[in-house]
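Peer 1: Just the structure for this:
(chains A and B)
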Amino acid sequence: GAVVSQHPSRVICKSGTSVKIECRSLDFQATTMFWYRQFPKQSLMLMATSNEGSKATYEQGVEKDKFLINHASLTLSTLTVTSAHPEDSSFYICSASGGSGYTDTQYFGPGTRLTVL
Amino acid sequence: LAKTTQPISMDSYEGQEVNITCSHNNIATNDYITWYQQFPSQGPRFIIQGYKTKVTNEVASLFIPADRKSSTLSLPRVSLSDTAVYYCLVGVSSGGYQKVTFGTGTKLQVIP
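Peer 2: Below is the predicted model of the structure:
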């Protein structure tokens, strides 16, 4: 149980384009989803927290107009990197929490490697 | 959010028991302690979670002293596949979710 998937696993795009990453909780309802970014050899940095049906809460320093988050259902959250630039290249990881029987633990997806050329 | 401190790296031989200690001096009353394992280019994998005393599951044990200012993850008889980064997280359970801050983690290298 507690499986979280992400799609795509890897994406390469040109500078200036937008990229959408999907995060799905496959076997439980996630009332809350988190988005993290991880640069090489560094720890995970929380970007934003989203609750189903409401606006995401962004961490300090994260541009909400650049990183659009939508949590439209209890099993799906999307992160859209708008007008991506090479400095946005990173490993993006989502996690999901909530649902009866899963306490408050966050369960992580496999991550999405974004490369912006 | 409580800050955690872990050793940057550890080496261990195959078959040995490994103990990784994490300090979280300003842990709050409502905070739970959670440990994750991360392999390169993968998302963190939940290992174990506890609040106090000792918790054991099929892969690890978690020891938490009475003052809860530290915790120790114990991995019995490690194998090469246990080479990974291990994160200790402390977070507040609020509104149905636990917001946590990732520290530097401990890079465990298992040696044959």
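Peer 1: A:G111 contacts B:P40, correct?
Peer 2: No - A:G111 lies out of contact with B:P40 (CB atoms under 8 Å); the separation is 10.3 Å. Backbone N, C-alpha and C define where each C-beta goes, glycine included.
Peer 1: who's more crowded, these two?
Peer 2: A:G111 (23 against 10; other CB atoms under 10 Å in any protein chain shown).
Peer 1: and the gap between that one and chain B?
Peer 2: For A:G111, the distance to chain B (CB to the nearest CB, to the nearest Å) stands at 5 Å.
Peer 1: Next up, the contacts around that residue.
Peer 2: A:Q6, A:S9, A:Q38, A:F91, A:Y92, A:I93, B:S41, B:Q42, B:G43 (CB atoms under 8 Å, 6 or more residues apart in numbering or on different chains).
Peer 1: Out of these, which end up buried?
Peer 2: Among the contacts of A:G111, the ones that count as buried by 16 or more other CB atoms under 10 Å in any protein chain shown are A:Q6, A:Q38, A:F91, A:Y92, A:I93, B:G43.
Peer 1: next helix or strand past the worst-scoring helix or strand of chain B on mean pLDDT?
Peer 2: In chain B, no helix or strand scores lower on mean pLDDT, DSSP states H and E than strand B:97-100, which sits at a mean of 61. Note on strand B:97-100: by DSSP states H and E, the next helix or strand toward the C-terminus is strand B:106-111.
Peer 1: Summarise which helices and strands that next one is packed against.
Peer 2: For strand B:106-111, the packing partners by 3 or more CB pairs under 8 Å, 6 or more residues apart in numbering or on different chains; DSSP states H and E come out as strand B:9-13, strand B:18-23, strand B:84-94.
Peer 1: export those to JSON lines and tack on distance to chain A?
Peer 2: As requested, the helices and strands packed on strand B:106-111 are exported to JSON lines (distance: least, CB to the nearest CB, whole Å):
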{"stretch": "strand B:9-13", "distance to chain A": "12"}
{"stretch": "strand B:18-23", "distance to chain A": "14"}
{"stretch": "strand B:84-94", "distance to chain A": "5"}
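Peer 1: Sweet, I'm off.
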